[in-house]
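1. Let me see the structure of the following:
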Amino acid sequence: MKQLLVLFLLLSLAPAHAGVMKASGSRQCALTKNINIDELVDSAAIIFRGKLDSISQSESNGLAVRQLHFKVSDPIKGVDSKLLTLNEWASVKSPFVEDVIKNKPYVFFFHEPSKIGLTSLIGMEQGLVNIDRKNRLKYSKRLGLKKVRSYFFMKRTTELELNDYQSLKDFCKQ
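-> Numbers count the residues shown, from 1 in each chain. Below you'll find the model as predicted:
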């Protein structure tokens, strides 16, 4: 019984330290942890399929701001128009500067904008899902596609089959 209790304690502490990654190349150091698909969807206030149209720079409340202009093809959560502009702090590393290809389709998962109107992708690149020509999805290697269910003090995981856009959209709307 003691061994089982020790094993349970060790396993319950492991996720708190596993998967933390420092973002490099930015003036500020951001820590992001690896998340699973449940956390991604639950944390997102804004989810949509669309394309990055352009990026512009501005200033707001004395902060350098990167304005991200999107063409929304399928709003899923928190979006009600076909054109969307979101602002992110321009002094931090962003997948929009290095990884996102303009006019290529993605599914985007964003935090709720702050009081001053700034937002960012959930989990940095984990909130960015590539869509290929056959509507197949390519997720960040850091994003877990396991559905986690907690039962009292135990966790049970199930591998999800979210390989195409429609299955991801249906999962987001559950």
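2. who's in contact with residue 43?
-> 35, 109, 111, 122 (Cβ atoms under 8 Å, 6 or more residues apart in numbering). C-beta: built from backbone N, CA, C; applies to glycine.
3. Any figure for the gap between the nearest residue to the third one once chain neighbours are set aside and residue 164?
-> I take that to be residue 111. Closest residue in space to residue 111, ignoring its immediate chain neighbours: residue 119 at 5.1 Å, by Cβ to Cβ, 6 or more residues apart in numbering. Per Cβ to Cβ, to the nearest Å, residue 119 is found 27 Å from residue 164.
4. Compare those two (neighbour count), which wins?
-> residue 119 (17 against 14; other Cβ atoms under 10 Å).
5. The more buried one is in contact with residue 109, isn't it?
-> No - contact between residue 119 and residue 109 fails when scored by Cβ atoms under 8 Å: they sit 10.6 Å apart.
6. shared neighbours of those two, anything?
-> Jointly contacting residue 119 and residue 109 under the rule Cβ under 8 Å, 6+ apart are residue 46.
7. Just list whatever residues bridge to residue 121.
-> Counting by DSSP bridges, residue 121 is bridged to residue 110.
8. Can you read off the pLDDT for it?
-> What the model reports as pLDDT for residue 121 is 88.
9. and residue 51, what helix or strand is that in?
-> strand 46-60 (DSSP states H and E).
10. Show me what whichever helix or strand comes after that strand is packed up against.
-> Counting by DSSP H and E, the next helix or strand C-terminal to strand 46-60 is strand 63-77. Packing partners of strand 63-77 (3 or more Cβ pairs under 8 Å, 6 or more residues apart in numbering; DSSP states H and E): strand 46-60, strand 83-89, helix 95-98, strand 105-110, helix 165-172.
11. How about the third one, which residues are buried there?
-> This means helix 95-98. 95, 96 (16 or more other Cβ atoms under 10 Å).
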